[in-house]
Structures are given as C-alpha cells and as structure tokens.
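1. Build me a structure from this.
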Amino acid sequence: MEPDDLYSFLSDPELIELIEQAKVSDDILDVITLSENQHSDMLAWCLTPGEGHGQGDSVIKDFLEAAYRESDTAIYDNKKFFRKWTPGRIRVSSFGSAFVTREFAVKVDDRDQGEKRAGRLDLFLVDPQNELLIAIENKVCAKLTETQLARYQAAVNHEIGNRPLFKDYEFAYIVLDRELDWYTDAQLDALGKRWVLLDYTWLEASARRARLQVARNNQAAQLLVAYCQKQTDWESPSEARLSELAGEIAGKHPQVIAALRELRGHGVPKWTPKTLEGLGGELTLFRAQHLRLCNLLTRSQGIASLQRKIRKALALGPDDMANGRTWLEFSTPDIAELTIDDSFWALSINIYRQPKSDDDKPRYTLRAIWRRASFDVALGDEAALRRHYEVLLPDLKRFGSATVRRMVVARDLDEGAALKRAGELASKLSDSLSSWRASAVFLP
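-> Residues are numbered from 1 along each chain as shown. Modelled structure (predicted):
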C-alpha cells in the first residue's frame, strides 16, 4: 500500500457518506448476537398479537401463509391442517386470541436407551378461539434429524393432544431453520414429511410492514424490523445503501482493503510502539475507530469484485443486477423479459456467500431462482415453461406450488469458479429460452 492509496481512500467522498450511513444504522442487533433461546424469545414476541410491535396478528398470518406454501408434500396432521387453513382463510381470519408459550414439556421415547426422557420444543403457538396448536422447533445453526422430529411429534400428539382441553384442536408442526436453504435435496428428503420446513424468509413481509409503521412514527415496530432483516437477505433502504457503498469503495481501493485484512487479529493488546508508525499506523487507528465499517468493507470486496466481473463478462447494465451484504443476483435482458413488473425477476441467477466463509478466501453457492408469481402470463404459460426448463433445472420438478424456488446449481466455489459457472448458467438459460420461443409454443 502506497501513500496515494491510503489517502485516496480516506478522502473518497463515498467513504465519508459510508461513515455517516453506518452511524445511523437502526439495527440494534448489529451490536449483540442472539443465542438460540434468545432467538426463540424474539420469535415469541413477534408472534404475539398483543405485543408492542404494533403488528397485531399479521406476523402470525405471514408465518402460516409461508407454511402453507411449503406444505405440498405434507402428511398426517399438517396435511389435514393446511387443507383447511388456506391462504384465503388465513388472511380473513382473526388470530387476536393467540399466544405463544414455552411451558409444555413432553416425554420423548429414547429407543437407544429404552426409556423416555424429558423433551421440550422451542415454542407452541396456541389459539383458543380458532382451536389451533402449532408446535415450532426453532433450530439455529443446528442440524435436524428425522428421528428427532418424529419422536417430538409423537410425544406432542400423545401427551398434549390427549388432554381433554385440546381434544378438538387442530395440530400443526413447523421447523424453522435459518440455514435450511443450505440443505441439499437429499438432506431435506431425509427429514421426512411430518413437519413443514421453513427458513426465515417469511419475515421479510413482516419487516416491510413494520418499516411502514416506523415511517409513521411507531418506534415500537423498530425492534421487529431489526430482528426480521437480520434473519433474512432483506435490507432496509438505509442498509441497502450501506451495502452498495461498501461494495463500491471496496472495488475502488483494493490495496487498502488488502491491508485492512492483514490487520485482523492485531487488536489493541498486541500493539507496540511501532504498531502506530507510518501508513500502517494510520490505517490501524482508522480501523480501531471504525471497526464495524472496516469489517463491512473487507466482507464486501468479494461480492463487489464478482459483481464487476460478471457485469463486464455479460455486458449487463446497472438495472440487470442487484446485491446485498452477502449476495448478488442478476438476470440477462432476454430472460428479464419474462418478468411482469420491476419488483422481482421471474427467473434469475443468484450467487451467495456461504455462511462462516473465510474473508480471505470466501466460498460461494450458485443458485437459480424461479419466482412463479412474477411471470408475465401474457407471454405464455408459466407451468409449460417450467416443464421446458426442468431439463436444465431438474429441481423445478419439486414443490410446484411454491411461490419461490431457490435451486442450488453448485456449492463451495471460489471467485473464479463462481464467475465461470454463473456465466455458463446464464448462457444455458438464455439458449433454452431461445429454443422455447422458436418452438412457437411460447409467444414472442
């Protein structure tokens, strides 16, 4: 790093904006990390209609509608439950009497030990008015097993379902796992069909709604916004601008970002008089004073670099790409024509930085994303086009009624491999669309 590199970085007008933008971040969860029990406490708060977030029963409706969309292959209790509780019925019903409890303890069969052991699910959503009881297993960074889930369901059915108070209740079983999107199809199949499996993306709708209430000076909704956006890829406008600035700055000043990486692990206890000498000392002090900002810059460089290279390789414009803290998404102009509006691309390519990825050598997962509701029906039949693309994207054969399908194409890619595979996938998707249009089944 030369003096011009550092001083150009420090005088960059976008860095000044980034520093100010970071100061006004409204995400309280940037300064704390929730344990699994604290996650469950936050979810209980979000799902309780009478709490101060001001959402009433809307979060429950978001939750149940998301579970319905993932209940295609449901069996037993869930099949019966979601046959009755459709999105239409959920949306027009009131769940104002519902509450969340953690007080039910059950005895779970431990066949390895030949005895029953105490077990406790994370949350139970109980609605006395609608006579509903929903068992929720909230797994944060933990692996699931079909055996565990089957035993919990059996225990709840036997010990709670047989109580006179609950004999007429409808039961549902839902797993929440933030990292569910990283499970392979084989792993998902191995979990069985007794429980509906959800990640945290359903919280996006709650965050957007709460954000509107914050704009109307309902500050109590801010904590819900912070929690929801922390658990999903969704970003508030201020967070989106933060990510955009960080990516742009990281791309313009690679030498400084590389020097910032080298400073990791050299905290204040390791400082010596020489530590603060010269250019390295100036950058060390800057990093100490702006640690969150510097961490954001080092993590953003990989995504920013990929974004620039993909844009150049595929000749994409600014409107053809979007990015967040840990991901980028794009659609080529011809594929984007399938989309009915500007909200979400109907078919797109997504590159996601893998959790716990090394900042020095980040690894990426490449996915294709199919948004059923975003297709322009005037251009042709979505179901027929889906069948056409199943040759290229076999996972489209699964979960046909799902609103969004995120299909993993490749995992554990370095930057070069991610760039190469993304370009190849974009070419194949475009060629396949061209052949579809040429077949005269798809109207131009």
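2. which regions of the chain lie under the pLDDT threshold?
-> 22-36, 109-120, 140-143, 212-240, 268, 301, 325, 342-343, 357-360, 440-444 (pLDDT under 70).
3. That one: strands as residue ranges?
-> 99-101, 106-110, 115-119, 123-127, 132-139, 170-177, 196-198, 321-323, 327-330, 347-353, 364-371, 404-413 (DSSP state E).
4. List the buried residues in stretch 411-420.
-> Judged by neighbour count (16 or more other Cβ atoms under 10 Å), stretch 411-420 contains these buried residues: Leu413, Glu415, Ala418, Leu419. Quick note: C-beta positions are derived from backbone N, CA and C, even for glycine.
5. who touches the spatially closest residue to Ala336 that is not a sequence neighbour in this structure?
-> Spatial nearest neighbour of Ala336, chain neighbours left out: Trp345 (6.0 Å); criterion: Cβ to Cβ, 6 or more residues apart in numbering. Applying Cβ atoms under 8 Å, 6 or more residues apart in numbering, one finds that Trp345 lies in contact with Glu329, Ser331, Ile335, Ala336, Leu338, Thr339, Ile369, Arg371, Ser374.
6. what's the answer for Leu144, then?
-> Glu137, Val175, Asp177, Leu191.
7. By neighbour count, which of the contacts of Trp345 wins?
-> Neighbour counts for the contacts of Trp345, by other Cβ atoms under 10 Å, peak at Ser331, which reaches 25 neighbours.
8. And that residue, how far from Pro394?
-> Ser331 is 21 Å from Pro394, where distance means Cβ to Cβ, to the nearest Å.
9. Count the neighbours of Ala383 for me.
-> Ala383, neighbours per other Cβ under 10 Å, totals 11.
10. Can you report how many residues neighbour the residue nearest to it when sequence neighbours are not counted?
-> Closest residue to Ala383 apart from its sequence neighbours, by Cβ to Cβ, 6+ apart: Gly400 at 7.8 Å. By other Cβ under 10 Å, 12 other residues sit near Gly400.
11. so who does the residue nearest to Arg367 when sequence neighbours are not counted touch?
-> Of all residues not flanking Arg367 in the chain, Asn350 sits nearest, at 4.5 Å (Cβ to Cβ, 6+ apart). Listed by Cβ under 8 Å, 6+ apart, the contact set of Asn350 reads Trp327, Leu328, Glu329, Leu366, Arg367, Ala368, Ile369, Arg406.
12. Make CSV out of the residues you listed and add distance to Leu165.
-> Converted to CSV, those look like this (distance: Cβ to Cβ, whole Å):
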residue, distance to Leu165
Trp327, 46
Leu328, 51
Glu329, 48
Leu366, 50
Arg367, 45
Ala368, 48
Ile369, 44
Arg406, 40
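13. which of those lies closest to Asn162?
-> Nearest to Asn162 among these, counting by Cβ to Cβ, is Arg406 at 39.2 Å.
14. tell me which residues form a beta bridge with the closest one?
-> Ile369 (DSSP bridges).
15. how near is it to Ile136?
-> As judged by Cβ to Cβ, Arg406 and Ile136 stand 22 Å apart.
16. Over to His158?
-> On the measure of Cβ to Cβ, His158 and Ile136 end up 18 Å apart.
17. Among those two, which residue is more densely surrounded?
-> Neighbours per residue (other Cβ under 10 Å) separate His158 from Ile136, with Ile136 holding more: 24 against 12.
18. so how many other residues sit close to the closest residue to the more buried one other than its chain neighbours?
-> Sequence neighbours aside, Leu123 is the residue nearest to Ile136 in space, at 4.1 Å (criterion: Cβ to Cβ, 6+ apart). By other Cβ under 10 Å, the residues close to Leu123 number 21.
19. what does the one 4 residues further on give?
-> With neighbours defined by other Cβ under 10 Å, the count for Asp127 comes to 21.
20. just Arg89 next, same as before
-> Burial of Arg89 is recorded as 12 neighbouring residues (other Cβ under 10 Å).
21. Begin at 17 from now on, thanks
-> Noted, 17 is the first residue going forward, which turns the last one into Arg105.
22. Now do the same contact list for it.
-> So Arg105 contacts nothing (Cβ under 8 Å, 6+ apart).
23. go on, Asp350?
-> Asp350 neighbours (Cβ under 8 Å, 6+ apart): Ser446, Leu449, Ser450.
24. Would you mind putting the residues you listed into JSON lines with distance to Gly283 alongside?
-> What follows is these, written out as JSON lines (distance: Cβ to Cβ, whole Å):
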{"residue": "Ser446", "distance to Gly283": "49"}
{"residue": "Leu449", "distance to Gly283": "52"}
{"residue": "Ser450", "distance to Gly283": "55"}
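25. can you redo those as a markdown table with neighbour count and distance to Ser87?
-> Below are the contacts of Asp350 laid out as a markdown table (neighbours: other Cβ atoms under 10 Å; distance: Cβ to Cβ, whole Å):
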| residue | neighbour count | distance to Ser87 |
| --- | --- | --- |
| Ser446 | 15 | 34 |
| Leu449 | 20 | 31 |
| Ser450 | 12 | 36 |
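26. from those residues, which ones fall inside helices?
-> Using DSSP state H, the subset of the contacts of Asp350 located in helices is Ser446, Leu449, Ser450.
27. Among those, which one sits closest to Arg225?
-> Leu449 (34.9 Å).
28. and the contacts of Trp361, which two are the farthest apart?
-> Spanning the widest gap among these are Glu345 and Leu354, at 14.8 Å by Cβ to Cβ.
29. right, and Ile356 touches Arg387 too?
-> No - between Ile356 and Arg387 there is no contact under Cβ atoms under 8 Å: 9.9 Å.
30. Could you name every residue contacting both of the two?
-> Common neighbours of Ile356 and Arg387, counting by Cβ under 8 Å, 6+ apart, are Ala362.
31. Pull the number of nearby residues for Arg280.
-> Neighbour count for Arg280, taken as other Cβ under 10 Å: 13.
32. For Ile273, see how far away it is.
-> In terms of Cβ to Cβ, Arg280 sits 12 Å off from Ile273.
33. which residues do those two both contact?
-> Thr314.
34. Could you find the closest non-adjacent residue to Gly439?
-> Among residues not flanking Gly439 along the chain, Ala329 sits closest, at 5.5 Å (Cβ to Cβ, 6+ apart).
35. what's the nearest residue to Ala320 if we skip its chain neighbours?
-> Using Cβ to Cβ, 6+ apart and skipping the chain neighbours, the partner closest in space to Ala320 is Gly263 (3.5 Å).
36. so who does that neighbour touch?
-> Ser316, Gln317, Ile319, Ala320, Gln323, Asn339.
37. Closest one to Arg85 out of those residues, please.
-> Asn339 (25.9 Å).
38. What's the local residue count around that closest one?
-> By other Cβ under 10 Å, 20 other residues sit near Asn339.
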